[in-house]
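# whatever this is, show me its structure:
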Amino acid sequence: MYHQVVIIGAGPVGGRLATELASRGISTLMVEEHAEIGRPFQCAGLVNPSAMNMVNLQETILQNVDGALIHSPSGIMVPVGKDGVTRTHVVCRKRFDQGVVAQAMVAGAHLWLLSKPIEANVTTSGVELKIEREGELLDVKCDLLIGADGAHSWTRRHFRLGRPKEMMIGFQTDVSGLTGKDNWLEMYTGEDVAPGLFAWVIPTGNNSHRIGVWSRAQDLDGRSVEQCYDALINHPLWKERFAGVKEIARYCGPVPCGVIPKPFKDRVMVIGDAAGMAKPTTGGGIGPGFRQVEAIIDNLVKAIVKGRLKSGDLATVCKPFKIFRKEQDRARALRDLLVTAPDDQKLDSHFKMFNRPDILELINNEGDIEHPVPLGLTLLRKVPEFRKLAVKAGFKILFA
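Below is the predicted model of the structure:
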């Protein structure tokens, strides 16, 4: 059996890539190990407006989000956003993922469920695959193998393409019985609840929410993310807020941040979470993955059609990844400076400055929960109290 391209993984990024390839006449097969698309899911389910506009799956939106209420360790709250101006969408991940993959199939791509690669060998004429499909072992040949198979990518590991710079751990619950401002999400900081990063409460409509936390292993000091979650909902400052919560489901998974230096070899490449595209500031991966597809698709199709799929050819196709990696490094440097490195006392002092009327105005004029780097740079440049940090930040960003 032959296809020009085989994509391992039929999540939103794999599905989006398959749509773009198939709509340009490239024979494409998606291989998905699970029995249905969109299950399990392990992310907060946020899709920014630009990514949503690429797929026009507005019917999957559960809640629009206008901003974020960000809480310091001692309870100082800073609002970022403006009522009536949608900053991001909360989606039903099952329906969203299924919608993206359905678009790929309408465009002509094929889908195999309950299927996974067992072996892959690159030859001078293509990639020879052995795929287990519903218990049967099948031989498949393709010109190009693309791994869109998530944080623990089989493709990345099998071809020894390296590891993302950071692998965070995320834990989340779906809950009912929590009230709040429907169009605003909440973020909580502090060593007890989310060391180095933050916890979140995201409205999903109909009095339902997603509560989650993520952190780096080195910041957890032997604790689990579940223990951090328990610390959040039982925290003296917040326990009344979470007293009526009823858990519906729990999820846990890795968050890969930091594009791997060389996400390709002869006739093989990885994309999305498999390549480490998640944002180091929010952990979001759908928007960055869609941007990745958009950035490479034209040159990728040309390379496939011309049969130019060696490592050097794919290096040219993947050249935009260098820009994404630099963006991530800058975002990580600012995150470390303003959130990860400070202790709770220092974080509180930051929040006191953020909460001043003049700085709140600056934040809400320029702040964007999806793109925090421009705001961070503006704060370092314009707020006198951050001048000392600005020198350090400048060094970090220059040499990130």
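# only C-alpha atoms from now on, for both contacts and neighbour counts.
Noted.
# got the CA coordinates for stretch 123-136 in CSV?
This file holds the C-alpha atoms of stretch 123-136, laid out as CSV (Å, rounded to 0.1, in the frame of the first residue of the first chain):
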residue,chain,number,x,y,z
THR,A,123,15.4,3.8,1.9
THR,A,124,16.6,5.8,-1.1
SER,A,125,13.1,5.5,-2.6
GLY,A,126,10.9,6.1,0.4
VAL,A,127,9.9,5.0,3.9
GLU,A,128,8.8,1.4,4.5
LEU,A,129,6.4,1.1,7.4
LYS,A,130,4.9,-1.7,9.3
ILE,A,131,1.6,-0.6,10.8
GLU,A,132,-0.5,-2.6,13.2
ARG,A,133,-4.2,-1.9,12.4
GLU,A,134,-6.8,-3.6,14.6
GLY,A,135,-4.5,-6.5,15.3
GLU,A,136,-3.3,-6.9,11.7
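# which strands or helices does the helix ranked longest in the chain pack on?
When the chain is parsed with DSSP state H, its longest helix is helix 286-306. Counting contacts by 3 or more C-alpha pairs under 8 Å, 6 or more residues apart in numbering; DSSP states H and E, helix 286-306 packs against helix 12-23, helix 49-55, helix 311-317, helix 320-335.
# name the next helix or strand downstream of the first one, please.
Sequence order places strand 28-31 as the next helix or strand after helix 12-23, per DSSP states H and E.
# neighbouring contacts of the helix or strand following that following strand?
Remark: after strand 28-31, the chain's next helix or strand is strand 46-47, criterion DSSP H and E. Strand 46-47 is contacted from outside by Thr88, His89, Val90, Val91, Gly284, Ile286, Gly287, using C-alpha atoms under 8 Å, 6 or more residues apart in numbering.
# tell me how far the third one lies from Pro79.
Here the distance between Val90 and Pro79 works out to 19 Å (C-alpha to C-alpha, to the nearest Å).
# likewise the fourth one?
When distance is defined by C-alpha to C-alpha, Val91 is 22 Å away from Pro79.
# ok, now the last one?
Note on Gly287: its distance to Pro79, by C-alpha to C-alpha, is 23 Å.
# again, but for the fifth one
To Pro79, Gly284 is 20 Å away according to C-alpha to C-alpha.
# of those two, which one has the most company?
A count of neighbours by other C-alpha atoms under 10 Å puts Gly284 above the other of Gly284 and Pro79, at 23 against 19.
# my guess is Gln60 meets Val91, correct?
Careful, residue 60 is Thr; it's not Gln. Yes. At 5.4 Å, Thr60 and Val91 qualify as touching, with contact defined as C-alpha atoms under 8 Å.
# quick one: which of those two has more around it?
Neighbour totals were compared for Thr60 and Val91, and Val91 leads with 24 against 19 (other C-alpha under 10 Å).
# in the protein, which helix or strand is least confident?
Counting by mean pLDDT, DSSP states H and E, the chain has its least confident helix or strand at helix 387-398, which shows a mean of 56.
# show me what counts as buried in the longest helix of the chain.
Neighbour counts over helix 286-306 (16 or more other C-alpha atoms under 10 Å) mark 286-293, 295-297, 300-301, 303-304 as buried.
# which residues sit against that helix?
So helix 286-306 is contacted by 4, 12-13, 16-17, 20-21, 24, 26, 47-48, 50-51, 143-144, 271-273, 277-279, 309, 313-314, 317-318, 320-321 (C-alpha under 8 Å, 6+ apart).
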